[in-house]
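Next comes the sequence, and after it the predicted model I'd like to discuss.
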Amino acid sequence: MKKSISILALSSIVLLTACSINGTEEEKKPVDPTQIMIHGRITAELTDAPNVPPPVGDRRAKVVEVSLEILEKEGELADGVKYVYWTFGGQVPGKFIRTRVGDEVKVTLKNNPNNKLAHNIDMHAVTGTGGGAKSSLVAPGHEVTFEFKTLHPGLYIYHCATAPVGMHIANGMYGLILVEPEGGLPEVDREYYVMQSEFYTKGKNGQPGLQPFSMEKAIAENPDYVVFNGKVGALVGDNALTANVGETVRIFMGNIGPNLISSFHIIGEHFDNVNVEAGSLVNHDVQTTLIPAGGAAMVELKVEVPGTFLLVDHSIFRAFNKGALGMLKVQGKEDEKLFKGKIEEGVYHPEGGAIQVTNPAPKASIAASKDDRITLGKQVYLKTCIACHQQNGQGIPSAFPPLSGSDFLNADVNRAIDVVLNGKTGPFTVNGKSFNGVMPAQVLTNEEVANVLTYVYNNWGNNKSEITPSMVAEVKNQ
Ligand code: HEC
Ligand SMILES: [Cu+2]
């Protein structure tokens, strides 16, 4: 056995050297993937998002055994919002499968006896009827096996295709299968698995408790949630993707929909390389890449500067109001040649005049009473804070802390003033939930800070404090 392997290895080295000596691009005969020979058999290593199995490298084509267990189980879609997910492998998205072109993939689909429904699998990597769906319908307590040969390198969606198809997909039955080209993909420092999808629930976004699937909203293509990796906040805070300055990162990015197209973007970064639609065409220097429903893209970026970079669907209300928001946290040394941060701050006077550093609030917005302050503060809130802390101060689980009934807020007014003036970062808890994000310093006058905080303190079950401009000035001077 050992001997045959070393002979194989030897002959492939000889082949490789022959190629590199004689073979220019023109002379190299394209390999017909249907003719690629199989050398042995392996059990596929499968991973849960955001992790991916190790690269195939230069291994020969093999029979690759993939075993997927379908589990119908309750999980958390957002803070306090429960959902019964249907999964390939216990999580949404399903297990990541990694193969190379010419492999014979032997898929065994096991339907757990505790499940209620029959399911199947349609893999976009399959060349064959229904992508395997016809051959893989399996009832609870049964298993079924089918086999196919990978003919096209690329990153492919797989999903359940049992009627009603839309419902099986919307409930979480999807994942990605990668088919690497001969010799593997170019090496990078880190690889991640991210998948965008929508959820349609009976209750509206944020409504707590167990939420059933809404067929009506799904047909209307009006999701309550648009998320990365199966739930709101799957990729933020402690679960953020990570990298170090100078590293290259590849994201295997899928979008199942089931309805929406994704405009995938990373705020403050660029994609150096994008395998457009996860095919073999590579585009460079891309800001936002379009991923169709039922499609994917492979994006690569080198991270040059430290910071927290937000992954978003740039259909931006989906990101800040429906959950399509993740984080890539990059650690390392600042490079002032590349990014200097805020270097000056002032007030813009269209009619001219020198740049000033402070600006007295215009007369009209000076509050005469506490009620006045609350009214004026609401305007500041709607302009400035709402994008992150949301309409009723409820925040976004794991990303933006709530201002409604916030124990952190109510415990210390000077600390709250300081947060608004100077921003805040670092791990801490609000009402027992941990957060580790970045709140930027707000460019507001003392009057505006006083008004907005008074508005916040006098709403949503907070302690009704009044903040005055002189309290703000005092914190500023400390
Ligand atoms: C760009 C998003 C963003 C904006 C805009 C923003 N915040 Fe925040 N805010 C955050 C984040 C993130 C944190 C938590 C920071 C951390 O993890 O250390 C936070 C924390 C806070 C906290 C302390 C935690 C709590 O829940 O009590 C207060 C108070 C606060 N913000 C008030 C405001 C007010 C008032 C405004 C508008 C003037 C505002 N923020 C605008 C993102 C934002
Ligand atoms: Cu199904």
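Alright, I've got the coordinates. Ligands and ions are numbered 1, 2, ... in the order given.

What degree of burial does residue 68 show, as a neighbour count?
Neighbour count of residue 68, defined by other CB atoms under 10 Å: 23. Using the backbone N, CA and C atoms, a C-beta is placed for each residue, glycine as well.

would you say it is within a strand?
Yes: per DSSP: H, G, I helix; E, B strand; the rest coil, residue 68 lies within a strand segment.

Which parts of the stretch 301-450 of the chain are helices?
For the stretch 301-450 of the chain, the helices defined by DSSP state H, counting those that start in this stretch occupy 316-321, 370-380, 386-389, 407-411, 413-422, 446-457.

Report the buried residues of stretch 75-82.
75, 77-79, 81 (16 or more other CB atoms under 10 Å).

Any residue of it touching ligand 1?
No: if you take CB under 6 Å from any ligand atom as the test, stretch 75-82 misses ligand 1, and the best it gets is 13.4 Å.

Now do the end-to-end distance for that stretch.
6 Å (CA to CA, to the nearest Å).

for the spatially most central residue of the chain, what are its contacts?
Centrality entry for the chain: nearest residue to the mean C-alpha point is residue 228, 3.7 Å, by CA atoms, centre = their mean. With contacts defined as CB atoms under 8 Å, 6 or more residues apart in numbering, residue 228 is in contact with 194-196, 234-235, 311, 323-326.

Then residue 240?
308, 326-329.

Over to residue 34?
So residue 34 contacts 149, 151 (CB under 8 Å, 6+ apart).

can I assume it sits in a helix?
Yes: remark: residue 34 belongs to a helix, assigned using three-state DSSP.

thought residue 184 was touching residue 60?
No: using CB atoms under 8 Å, residue 184 makes no contact with residue 60, being 11.9 Å away.

neighbour-wise, which of the two wins?
More neighbours surround residue 60 than the other of residue 184 and residue 60, with 17 against 14 (other CB under 10 Å).

which one is the more buried one nearest to, not counting chain neighbours?
Leaving aside its chain neighbours, residue 60 sits nearest to residue 39 (4.0 Å; criterion: CB to CB, 6 or more residues apart in numbering).

That neighbour: how many residues sit nearby?
Count around residue 39 with other CB under 10 Å applied: 15.

Can you report phi and psi for it?
Main-chain dihedrals, residue 39, degrees, to the nearest 10: phi -130, psi 80.

That one reaches residue 64, doesn't it?
No: the criterion here is CB under 8 Å, and residue 39 misses it with residue 64 at 11.7 Å.

Spatially, which residue comes closest to the closest residue to ligand 1 within the stretch 1-150 of the chain, not counting chain neighbours?
Using CB to the nearest ligand atom, the single residue of the stretch 1-150 of the chain nearest to ligand 1 is residue 79, 13.4 Å away. The shortest distance from residue 79 to any non-neighbouring residue, by CB to CB, 6+ apart, is to residue 397 (3.2 Å).

likewise residue 378?
Nearest non-adjacent residue to residue 378 (CB to CB, 6+ apart): residue 455, at 4.9 Å.

now do residue 440
Per CB to CB, 6+ apart, closest to residue 440 is residue 423, 5.1 Å.

Need the phi and psi values for residue 131.
Recorded main-chain torsions at residue 131 are phi 60, psi 20, according to degrees, to the nearest 10.

same check, this time on the one 3 residues further on
According to degrees, to the nearest 10, the main-chain angles of residue 134 amount to phi -60, psi -30.

burial count for it?
13.

same check, this time on residue 202
15.

Would you confirm that it contacts residue 211?
Yes: between residue 202 and residue 211 there is a contact under CB under 8 Å: 5.7 Å.

hmm, back to that, tell me the spacing between the residue nearest to residue 440 and residue 217.
Between residue 423 and residue 217 the computed distance is 37 Å (CB to CB, to the nearest Å).

between the two, which one's more packed in?
Neighbours per residue (other CB under 10 Å) separate residue 423 from residue 217, with residue 217 holding more: 18 against 12.
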